[in-house]
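K.L.:
Quick one, structure for this:
(chains A and B)
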2 protein chains.
Amino acid sequence: MMDQISNIQVVPCSSSNYLKPFRVHYSQNGTKKSWDFMRTHDSVSVLIFNTTSHCFILVKQFRPAVYMCEWEKHTPQSPEDKVKEGEEKEESEESHGDPPTAAAGVTYELCAGLVDKPDLSLEEIARQEILEECGYDVPVSKLRKITSYRSGVGVTGSKQTVFYAEVSDDNCVGEGGGEPQEGELIEVVKVPLQESMNFAFDESLPKTMGVLFSFMWFHSNMAPKYKISTNV
Amino acid sequence: MMDQISNIQVVPCSSSNYLKPFRVHYSQNGTKKSWDFMRTHDSVSVLIFNTTSHCFILVKQFRPAVYMCEWEKHTPQSPEDKVKEGEEKEESEESHGDPPTAAAGVTYELCAGLVDKPDLSLEEIARQEILEECGYDVPVSKLRKITSYRSGVGVTGSKQTVFYAEVSDDNCVGEGGGEPQEGELIEVVKVPLQESMNFAFDESLPKTMGVLFSFMWFHSNMAPKYKISTNV
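P.N.:
The predicted structure is shown next:
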């Protein structure tokens, strides 16, 4: 995947359908406080290991928010400052060389999805994501919960539950790739087990902590089964 | 720490000083798209290991955003729905028993801080946080970078860099606890090495993935030095 990203334009967003800040007023041990936060859904993610090819199955996609972090490091002013200082500055801004390539915003992630269907269990939602994003059809009974944790504790604080799923080539029923009609443009990536620790700690490949954690978990817990060294 | 949380009141927040959504318009492979995101600072976090007591040093604090996730599961309606349906519903809402206790919002985290001082290196910022939050004075040279990763890839995408620092009781110069004048109410927590994996996978103790990942990293990389089993 060689995404071409162009025509970048940043505007302040007074009303977003996706990012809605709320404010909570509360008393902590008698002291009045307030905190701004955003509501979000809990989520599930899945470490998928293909036992036929001894590869981890990850997804990779262009993440505008990640790209904008790098884009802003390249420009001398923040969008906020630009807005404050008025329109006339926008065209004449200094820049430090070329803007970052799309690769700066492409991240490697675990297959994952939001918990936004109240009638489905976490396992069932994880199963759907494995099928939609990665093209593997696995029964719910093959999903093993690793653990859960809190993400974005300052802003969203949502609960994320991580599963482990072993699949084989026989479970592969499609190409995955997410739902293009919903704007998803997801590439399925195979990371060979033997290369997985070098991959995990290669900082030139942007990735989520979910990938790092689950690879480490696999090496500590599954390594004996697959006869690999635990030295990382 | 037994925080008492009361008088919870949620209001929509049309203009937050902390959460400012922006919208980026861009073209991806010729297709026009847009995405709402928030600017945030990069951050550093530190796995601190006390070689005198063979304990990890974590911080623990009440996180309103985490608490509100649990609070909303307890109430049948989201704050958004309440706002849409008008004020009169707020008093008469159904509830599923008592609201969650403060413990539901208290999370265990790595010592961490924002990268918001352009003149300081990541190591220098990490060093300051270790001193302010945990009370240990360690030279920058003792900080070892573990790796970096992307967090909140859908919303902020900021880069987080994780360090490892070994400290001893001799480095302890204060109680830590953050900066109460800035509203920080941080408790320093010691987790004994031998109990650390049970702690990490005990889901009744809310924690960030940084804690999980770095404990696993320690067990894979430092275990031989401290003569502990790698079975987790």
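
K.L.:
Please make it C-alpha for all contacts and neighbour counts, starting now.
P.N.:
OK.

K.L.:
Any stretches of chain A with poor pLDDT?
P.N.:
Counting by pLDDT under 70, chain A contains low-confidence ranges at A:1-2, A:76-96, A:182-183, A:227-232.

K.L.:
For it, just list every one of the helices.
P.N.:
A:64-74, A:79-85, A:88-92, A:122-129, A:196-200, A:209-221 (DSSP state H).

K.L.:
Let me have the ones you listed in JSON lines, extended by mean neighbour count and distance to chain B.
P.N.:
As requested, the helices of chain A are exported to JSON lines (neighbours: other CA atoms under 10 Å in any protein chain shown; distance: least, CA to the nearest CA, whole Å):
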{"stretch": "helix A:64-74", "mean neighbour count": "21", "distance to chain B": "4"}
{"stretch": "helix A:79-85", "mean neighbour count": "14", "distance to chain B": "8"}
{"stretch": "helix A:88-92", "mean neighbour count": "10", "distance to chain B": "14"}
{"stretch": "helix A:122-129", "mean neighbour count": "22", "distance to chain B": "15"}
{"stretch": "helix A:196-200", "mean neighbour count": "18", "distance to chain B": "9"}
{"stretch": "helix A:209-221", "mean neighbour count": "22", "distance to chain B": "5"}
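
K.L.:
the residue most distant from the middle of chain A, which is it?
P.N.:
A:Gly30 (38.3 Å; CA atoms, centre = their mean).

K.L.:
got the contact list for that residue?
P.N.:
B:Gln4 (CA atoms under 8 Å, 6 or more residues apart in numbering or on different chains).

K.L.:
partners of the most centrally placed residue in chain A in the sheet?
P.N.:
The residue lying closest to the centre of chain A (CA atoms, centre = their mean) is A:Glu109, at 4.9 Å. Taking DSSP bridges as the rule, A:Glu109 bridges to A:Val59.

K.L.:
is it true that it touches A:Ser214?
P.N.:
No. Using CA atoms under 8 Å, A:Glu109 makes no contact with A:Ser214, being 10.7 Å away.

K.L.:
The residue lying closest to A:Arg39 once chain neighbours are set aside: how many residues sit nearby?
P.N.:
Once flanking residues are discounted, A:Arg39 sits nearest to A:Thr156: 6.0 Å by CA to CA, 6 or more residues apart in numbering or on different chains. By other CA atoms under 10 Å in any protein chain shown, the residues close to A:Thr156 number 25.

K.L.:
Can you give me the distance of A:Thr156 to B:Val59?
P.N.:
19 Å (CA to CA, to the nearest Å).

K.L.:
how about the strands in chain A?
P.N.:
A:5-12, A:21-28, A:31-38, A:43-50, A:55-62, A:106-109, A:111-114, A:143-150, A:159-167, A:187-192 (DSSP state E).

K.L.:
Please identify the deepest-packed of the ones you listed.
P.N.:
Highest mean neighbour count among the strands of chain A (mean count of other CA atoms under 10 Å in any protein chain shown): strand A:43-50, with a mean of 24.

K.L.:
pull the CA atoms of it into CSV?
P.N.:
Once non-C-alpha atoms are left out, strand A:43-50 reads as follows in CSV (Å, rounded to 0.1, in the frame of the first residue of the first chain):
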residue,chain,number,x,y,z
SER,A,43,-13.5,-1.9,22.4
VAL,A,44,-12.1,-5.4,21.7
SER,A,45,-8.9,-6.3,19.9
VAL,A,46,-7.6,-9.7,18.8
LEU,A,47,-4.1,-11.1,18.5
ILE,A,48,-4.5,-13.5,15.6
PHE,A,49,-1.9,-16.3,15.0
ASN,A,50,-2.0,-18.3,11.9
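
K.L.:
can that strand be found next to chain B?
P.N.:
No. Using CA under 8 Å from any CA of the partner chain, strand A:43-50 stays clear of chain B, coming no nearer than 12.1 Å.

K.L.:
and the angle for that strand with strand A:187-192?
P.N.:
Counting by axes from the mean of the first three to the mean of the last three CA atoms, to 10 degrees, strand A:43-50 points 50 degrees away from the direction of strand A:187-192.

K.L.:
Mind giving me the packing neighbours of strand A:43-50?
P.N.:
The contact analysis (3 or more CA pairs under 8 Å, 6 or more residues apart in numbering or on different chains; DSSP states H and E) places strand A:43-50 against strand A:55-62, strand A:111-114, helix A:122-129, strand A:159-167, helix A:209-221.

K.L.:
tell me which residues form a beta bridge with A:Trp35?
P.N.:
Beta-bridge partners of A:Trp35, as defined by DSSP bridges: A:Val24.

K.L.:
so who does it touch?
P.N.:
A:Trp35 neighbours (CA under 8 Å, 6+ apart): A:23-25, B:64-65.

K.L.:
For the residues you listed, work out which two are farthest apart.
P.N.:
A:His25 and B:Ala65 (11.7 Å; CA to CA).

K.L.:
Count the residues that sit near A:Asp170.
P.N.:
Neighbours around A:Asp170, by other CA under 10 Å: 11.

K.L.:
ok, back up a step: export the contacts of A:Trp35 as a markdown table, with columns for distance to B:Ser45.
P.N.:
Formatted as a markdown table, the contacts of A:Trp35 follow (distance: CA to CA, whole Å):
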| residue | distance to B:Ser45 |
| --- | --- |
| A:Arg23 | 27 |
| A:Val24 | 27 |
| A:His25 | 28 |
| B:Pro64 | 20 |
| B:Ala65 | 20 |
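
K.L.:
which one of those residues sits closest to A:Glu132?
P.N.:
The closest of the contacts of A:Trp35 to A:Glu132 turns out to be B:Ala65 (CA to CA; 30.2 Å).

K.L.:
ok, the residue lying closest to A:Glu166 once chain neighbours are set aside - contacts?
P.N.:
Nearest residue to A:Glu166 in three dimensions, chain neighbours excluded: A:Phe49, at 4.9 Å (CA to CA, 6+ apart). Taking CA under 8 Å, 6+ apart, we find A:Phe49 in contact with A:55-57, A:164-167.

K.L.:
and the gap between A:Phe49 and chain B?
P.N.:
19 Å (CA to the nearest CA, to the nearest Å).

K.L.:
Same question for A:Gln4.
P.N.:
The value you get for A:Gln4 to chain B, if CA to the nearest CA is used, is 5 Å.

K.L.:
Please look at that residue and B:Tyr26 and confirm they touch.
P.N.:
No. Between A:Gln4 and B:Tyr26 there is no contact under CA under 8 Å: 10.0 Å.

K.L.:
Look up which residues are beta-bridged to the residue nearest to A:Glu166.
P.N.:
Assigned bridge partners for A:Phe49, using DSSP bridges, are A:Phe56, A:Glu166.

K.L.:
Ok, A:Glu187 next?
P.N.:
With DSSP bridges as the rule, A:Glu187 is bridged to A:Lys60.

K.L.:
Not counting its own residues, what contacts stretch A:115-131?
P.N.:
Against stretch A:115-131 from outside (CA under 8 Å, 6+ apart): A:41-46, A:111-113, A:136-140, A:143, A:163, A:174, A:176.
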